[in-house]
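K.L.:
got a predicted structure here, sequence first:
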Amino acid sequence: MARILIIALTLSAFLGGQAVAAPADWPTATPEAAAVSAEGLAAMDKAVEAGTFQKITSVLIARDGKLVHERYYDKGGPELRRNTRSVTKTVTAMLVGAAIARGDLKDAQTPVMPLLASYGPFDNPDPRKAAITVEDLLTMSSILECDDDNSFSRGNEERMYLIENWVKFALDLPVRGFPAWLPRPEASPYGRAFSYCTAGVSTLGAVVQSATGQPLPTFAHTALFAPLGIDGEQWQFSPLGLAQGGGGLGLRSRDLLKLGQLLLDGGKWQGRQVLPAAWVKAMTTPHASVGDGRGDYGYLTWLPTYEVAGKPHAAFAMAGTGGNKVVVVPDLRAVVVVTTENYGVRNPHGLADTLIAQHALAAMR
């Protein structure tokens, strides 16, 4: 029975009972050849189909650069561009690196205000706001009063969506205050006070657009997506037509797997250096502490640790609402994509992380 399952996984992935052809530009391997338990993967699929993890729409796994598992649990199949929400933020960090590599941006210490003057004038002028850098936005640690986890925050993303000029919304925000019960940046790990802020990343997309002189989708396709063989990407836009760098980008699950593999391989895809290795290293190096036991944060990249059979595995991840995940585990040489529609579900990230740790990673030898 195990041999039959291995052969089936070698020839194709499955969409219900319908075979899905292997991608032409992605090498495949049997789970057995990749030192992954086919039985473990079958148990994972069974648990997902039973609803153990609520509404999971796809799980893809690559090991050593080869696709070993691809399963769709919705009706969309491999060609559906799924909205994976804030996974987009890590894509924006990649685009910043591409802009620096091309000389359009000097470096991560570049002040953002001179590149955004056309969106102003801005309220609440302050010399500290004028000093906001690209890196401040990459690390969710600018001085702006912006916190998506606080419904009272003036910069909460739900308030931004009511305004047509999203960049002005962000840069109109007052300077953040630090009452006695909140650590100031200089007293925080890495010297930065983390505060999750979608408006800042939307603004960062405008920075890239201004620096490159191209609409963000055009630059993204030329510098990142086309070299990876990604097409048909679906952006969301602000009322004034700015592509949303902070969320909502529609990509195929296979495209997400490619982005994860790009990070695992230090910016290379099929031998071509798409992003500088030094930039990928910077993206996946701790720059801020998220707090509340949620680990560290790189450049718009989460840095979780997964425990598998009592052993910790350091990872880096792209993550979006509902538990959408692209998780890269360097010591296992693995990339795992989980897409979901668990919006409004209790603890969706915990569900996805349990699926990843207790099934996808646990199947690896």
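P.N.:
Yep, it's here. Numbers count the residues shown, from 1 in each chain.

K.L.:
and residue 185, backbone torsions?
P.N.:
Residue 185 adopts backbone torsions of phi -50, psi -40, taken as degrees, to the nearest 10.

K.L.:
let me see the contact set for it.
P.N.:
Contacts for residue 185 (CB atoms under 8 Å, 6 or more residues apart in numbering) come out as 141, 191-193. Any C-beta I mention is one placed from the backbone N, CA and C, and that applies to glycine too.

K.L.:
and what of residue 266?
P.N.:
By CB under 8 Å, 6+ apart, residue 266 lies in contact with 277, 280-281.

K.L.:
please indicate which of the contacts of residue 185 are buried?
P.N.:
Among those, those classed as buried by 16 or more other CB atoms under 10 Å are 141, 192-193.

K.L.:
need those in TSV (columns: distance to residue 148, pLDDT and secondary structure).
P.N.:
TSV is the format used below for the buried ones among the contacts of residue 185 (distance: CB to CB, whole Å; pLDDT from 0 to 100; DSSP: H, G, I helix; E, B strand; the rest coil):
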residue	distance to residue 148	pLDDT	secondary structure
141	14	98	coil
192	17	97	coil
193	15	96	strand
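
K.L.:
okay, these in CSV with distance to residue 175 next?
P.N.:
Formatted as CSV, the buried ones among the contacts of residue 185 follow (distance: CB to CB, whole Å):
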residue, distance to residue 175
141, 13
192, 15
193, 12
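
K.L.:
tell me which of the contacts of residue 185 is nearest to residue 206?
P.N.:
Residue 206 has its nearest neighbour among the contacts of residue 185 in residue 141, at 18.6 Å by CB to CB.

K.L.:
roughly how far apart are the closest one and residue 208?
P.N.:
19 Å (CB to CB, to the nearest Å).

K.L.:
one step back: need the contacts of residue 185 in TSV (columns: distance to residue 316).
P.N.:
Shown next, in TSV, are the contacts of residue 185 (distance: CB to CB, whole Å):
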residue	distance to residue 316
141	18
191	21
192	18
193	21
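
K.L.:
could you find the closest non-adjacent residue to residue 37?
P.N.:
Spatially, and ignoring its direct neighbours in sequence, residue 37 is nearest to residue 363 (4.3 Å; CB to CB, 6 or more residues apart in numbering).

K.L.:
so who does that neighbour touch?
P.N.:
31, 36-37, 40-41, 44.

K.L.:
apply 7 Å and report the result again.
P.N.:
Counting by CB atoms under 7 Å, 6 or more residues apart in numbering, residue 363 touches 36-37, 40-41, 44.

K.L.:
in helices, which of these appear?
P.N.:
Counting by DSSP state H, these place 40-41, 44 in helices.

K.L.:
got a winner among those residues for most neighbours?
P.N.:
The most crowded member of the ones in helices among the contacts of residue 363, judged by other CB atoms under 10 Å, is residue 44 (25 neighbours).

K.L.:
good, wrapping up.
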